[in-house]
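# With the sequence up front, the predicted model follows.
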Amino acid sequence: MSYYKIENLEQYFKHYNKSVREPRKFWGKIAEENFTWYQQWDKVVEFNMAEADIKWFTEAKLNITKNCIDRHLNKRGEKTAIIFEPNNPDESALHISYNQLHQKVCKMANVLREQGIKKGDRVCIYLPMIPELAISVLACARIGAIHSVIFAGFSASAVANRIIDSECKMVITSDGGYRGNKTIELKSIIDESLEKCPSVETVLVVKRTNNTVEMKEDRDIWLQPLLDEASDNCVAEIMDAEDPLFILYTSGSTGKPKGMVHTTAGYMVHTAYTFKNVFNYEENDVFWCTADIGWITGHSYILYGPLLNGATTVIFEGVPSYPDFSRFWQTIEKHKITQFYTAPTAIRALAKENLEYVSKYELKSLKVVGSVGEPINEEAWHWFNDHVGAKKCPVVDTWWQTETGGIMIAPIAFVTPTKPTYATLPLPGIQPVLMDEKRIEIEGNQVVGSLCIKFPWPGIARTIWGDHQRYKDTYFAAYPGKFFTGDGALRDEVGYYRITGRVDDVVIVSGHNLGTAPIEDAINEHPAVAESAIVGFPHDVKGNALYGYVILKESGEIRNKENLFKEINQHISDHVGPIAKLDKIQFVSGLPKTRSGKIMRRILRKIAAGDYANFGDMSTLLNPEIIDEIVKESK
Ligand code: WT7
């Protein structure tokens, strides 16, 4: 019996039970039957949750690009691996076959080797959504270099922090990028960030916009001439199952971003398996995930998951609103997309526009539509289901995280009955539990609690780069023996999960995971600011928006609040990136703090949401009187 594909609900339960009773047999069989290995594993999984020490497929040897590309060449060499849909719809789309992808990745990998990059070296990739981004990622994996993709919306100092943290030897960037009617100047951002990054020896520069850029001697090299000279024959590095494949940064509860480390074999098995099942992937499908490769969604479901299955995957350079709000729908029709995977924030924004943008396009190629990144509200779910999926495509609301590597809780298309706003059931191999305030597991249904996972799964991040202690403290300390997700959830009467949102200091804005700490740090660097606290408040398009409570140094006279607001947002933009700007700001004379000095965000969140009814237990507050003042001035 094969476990790779789940055909119906009965089989789902069978596979699920097997995966819980005999996880080693379950994952071992999937790994054995669906991938190419140089050497088999010794143990399927070994772990010690107390030490946050998890290993999958120990001693196995493989190269993930052999699995993503080479093994498809016989059967699918001429099949399109990647469709590149440019920002400007008048520029023609590019179809890259598996043969061509192989050639491009091998050439790029040889360039990296010639530039001195070896197995284990870190390479920072700071590129717009163009084919070179995918090719660079895969080229790193080919030679065992660890890729660290940084989303091209991050500012110079955010980029610098990430490069410094992982000591990258090389940066791959471009002369610029297109996003809607804007161009982004990636190279000059890199130039600025590299002033602080001594580890970087080489910068490879892709031509995209033909912007004039400065090329620093002995450091910056145009990529194309190197590719022209490179051989297209590249022997893949033999990797250990647990060798790091990539680092991807996510925000945390301190100002320092967490470099989540994903390793090779487990991540491969998890992303391939979940892609195949959740989206009901079949051979001739054309899969489109609208995320950026700079986020985990893009890593797992634009690149690795689809390519591991020999799929055709779309890389979209643009934005949903350019040239107009029909771009998504037009693109679905154009490429006959079969699975469309996007974010609630995009759905809400597009649902606000005239329905004609959608209805004038033929979306009948679609068979599955998916959502990821934040809870999808009832209205958005129905709009997506009615107008995009035409009520015939299952809506797969997929819950997972950068840390989990791949999808964890989600309907399996055509298998799991969907329910609006519910991520539904855990995939086989995933064992979620809800925990109460006393850290006790809540049994039974119709309950709410903090979402933990009680058994390791193959795609789990193994550590935080350079800081295993922080990994342990963040994910394994709150609920001993379990992985804590940071999310709250409810389990309904049939065992379906609904994710209710973060229970920690992270706010999800337009699907972007923003830690409040780095934003507060950026605000506090403004010379007029003494202290600040950031919380999220409900926003009808972004899901959450940011509300900042700011204490100024000289309280009393505030120069010009409007200007100050702008300056503070500029500070955030410079330090974190434009995605983290505040929607609202309130200047206050103090912040509610506990005796141990912790800001009580719970109350600030309520005030920001305009909910003044019940602030709950305030007995641990040092300065309860400040609440009245903040409430009064917020109205
Ligand atoms: C956080 C992880 C997973 C890739 C994109 C985000 C929230 C994600 C859902 C969903 C409700 C969701 C959670 C999670 N989230 N998907 N379907 N329903 N919430 O990755 O940046 O690591 O953020 O996004 O709060 O913890 P990320």
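Now that the structure is in, tell me what you want to look at.
# any idea where the helices of the stretch 201-350 of the chain begin and end?
223-229, 264-278, 296-298, 305-308, 327-335, 344-351 (DSSP state H, counting those that start in this stretch).
# near the ligand, which residues of the protein show up?
By the rule C-beta under 6 Å from any ligand atom, the part of the chain lying against the ligand is 250, 296-297, 372-375, 397-402, 423, 485-487, 499, 502, 508, 513. (Glycine included, C-beta is placed from N, CA and C.)
# circling back to that earlier point, can you add mean pLDDT and give the helices of the stretch 201-350 of the chain back as TSV?
Shown next, in TSV, are those (pLDDT from 0 to 100):
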stretch	mean pLDDT
helix 223-229	98
helix 264-278	98
helix 296-298	97
helix 305-308	99
helix 327-335	98
helix 344-351	94
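# Redo those helices as CSV? Include distance to residue 453.
Shown next, in CSV, are those (distance: least, C-beta to C-beta, whole Å):
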stretch, distance to residue 453
helix 223-229, 41
helix 264-278, 13
helix 296-298, 16
helix 305-308, 20
helix 327-335, 33
helix 344-351, 23
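# For the residue lying closest to residue 129 once chain neighbours are set aside, give me its contacts.
Leaving aside its chain neighbours, residue 129 sits nearest to residue 317 (4.6 Å; criterion: C-beta to C-beta, 6 or more residues apart in numbering). Listed by C-beta atoms under 8 Å, 6 or more residues apart in numbering, the contact set of residue 317 reads 84, 85, 86, 87, 128, 129, 130, 177, 178, 179.
# 10 Å instead?
84-88, 91, 128-131, 133, 177-180, 208, 292 (C-beta atoms under 10 Å, 6 or more residues apart in numbering).
# isn't residue 470 right up against residue 261?
No - using C-beta atoms under 10 Å, residue 470 is not in contact with residue 261; the gap is 11.8 Å.
# Mind listing the shared neighbours of the two?
Joint contacts of residue 470 and residue 261 (C-beta under 10 Å, 6+ apart) are 463, 464.
# So which of the two has more stuff around it?
residue 261 (21 against 18; other C-beta atoms under 10 Å).
# Now do residue 453 against residue 146, distance only.
25 Å (C-beta to C-beta, to the nearest Å).
# for residue 417, same thing?
41 Å.
# do residue 380 as well
37 Å.
# Kindly report the same for residue 609.
41 Å.
# what about the two, which has more around it?
Neighbours per residue (other C-beta under 10 Å) separate residue 609 from residue 146, with residue 146 holding more: 23 against 14.
# hang on, isn't that one packed against residue 119?
Yes - if you go by C-beta under 10 Å, residue 146 and residue 119 touch, sitting 8.9 Å apart.
# which non-adjacent residue is nearest the residue of the stretch 51-200 of the chain found nearest the ligand?
Nearest to the ligand in the stretch 51-200 of the chain, going by C-beta to the nearest ligand atom, is residue 151, at a distance of 10.5 Å. Counting by C-beta to C-beta, 6+ apart, residue 151 lies nearest to residue 294, which is 3.0 Å off, once chain neighbours are set aside.
# Please apply the same query to residue 310.
residue 72 (4.5 Å).
# all strands of the stretch 451-600 of the chain, in order?
For the stretch 451-600 of the chain, the strands defined by DSSP state E, counting those that start in this stretch occupy 463-464, 483-491, 497-502, 506-509, 512-515, 529-539, 543-552, 584-588.
# Now mean pLDDT, distance to residue 41 and mean neighbour count too, for those strands, in a markdown table please.
Listed next are those as a markdown table, based on pLDDT from 0 to 100; distance: least, C-beta to C-beta, whole Å; neighbours: other C-beta atoms under 10 Å:
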| stretch | mean pLDDT | distance to residue 41 | mean neighbour count |
| --- | --- | --- | --- |
| strand 463-464 | 98 | 20 | 24 |
| strand 483-491 | 96 | 22 | 21 |
| strand 497-502 | 92 | 31 | 19 |
| strand 506-509 | 90 | 35 | 22 |
| strand 512-515 | 88 | 32 | 22 |
| strand 529-539 | 92 | 43 | 20 |
| strand 543-552 | 94 | 41 | 23 |
| strand 584-588 | 94 | 52 | 18 |
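# before we move on, back to that, check the contact lists of residue 146 and residue 119 and give me the overlap.
Going by C-beta under 10 Å, 6+ apart, residues that sit against residue 146 and also against residue 119 are residue 243.
# For the chain, which helix extends over the most residues?
helix 98-114 (DSSP state H).
# For the next helix or strand after it, which strands pair with it and how are they oriented?
Sequence-wise, the next helix or strand downstream of helix 98-114 (DSSP states H and E) is strand 122-126. Applying DSSP bridges, strand 122-126 is found paired with strand 146-149 (parallel), strand 170-174 (parallel).
# who's whichever residue of the stretch 451-600 of the chain sits closest to the ligand bridged to?
Residue of the stretch 451-600 of the chain nearest the ligand, by C-beta to the nearest ligand atom: residue 513 (3.1 Å). Beta-bridge pairing for residue 513 (DSSP bridges): residue 508.
# Among the contacts of residue 317, name the buried ones.
84-87, 128-131, 133, 177-179, 208, 292 (16 or more other C-beta atoms under 10 Å).
# of all these, which two lie farthest apart?
131 and 179 (16.3 Å; C-beta to C-beta).
# Neighbours of the closest residue to residue 607 other than its chain neighbours, how many?
Take residue 607 and drop its neighbours on the chain: the residue closest to it by C-beta to C-beta, 6+ apart is residue 634, 5.3 Å away. Neighbourhood size, residue 634 [other C-beta under 10 Å]: 16.
# quick one: low-confidence ranges for the stretch 251-400 of the chain?
253-255 (pLDDT under 70).
# again, only using 80
251-255 (pLDDT under 80).
# can you give me the strands for it?
Under DSSP E, counting those that start in this stretch, the stretch 251-400 of the chain gives strands at 258-263, 286-289, 312-316, 339-342, 368-372, 395-398.
# Distance to residue 600 for the ones you listed - can I get that in TSV?
Shown next, in TSV, are those (distance: least, C-beta to C-beta, whole Å):
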stretch	distance to residue 600
strand 258-263	24
strand 286-289	38
strand 312-316	42
strand 339-342	35
strand 368-372	31
strand 395-398	32
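# To residue 224, which of those strands lies closest?
Residue 224 lies closest, by C-beta to C-beta, to one member of the strands of the stretch 251-400 of the chain: strand 312-316, at 18.8 Å.
# What pairs with the closest one, parallel or antiparallel?
strand 80-85 (parallel), strand 286-289 (parallel).
# And the contacts of the shortest one?
The one in question is strand 286-289. Residues outside strand 286-289 that contact it (C-beta under 10 Å, 6+ apart): 80, 83, 85, 275, 279, 281, 297-298, 300-303, 305-306, 309, 311-316, 328, 331-332, 335-343, 365-366, 368, 370, 372.
# Emit the ChimeraX select command for whichever of those residues are buried.
Buried members of the contacts of strand 286-289, defined by 16+ other C-beta under 10 Å, are picked up in ChimeraX with:
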select :80,83,85,275,279,281,297,298,300,301,302,303,305,306,309,311,312,313,314,315,316,328,331,332,335,337,338,339,340,341,342,343,365,366,368,370,372
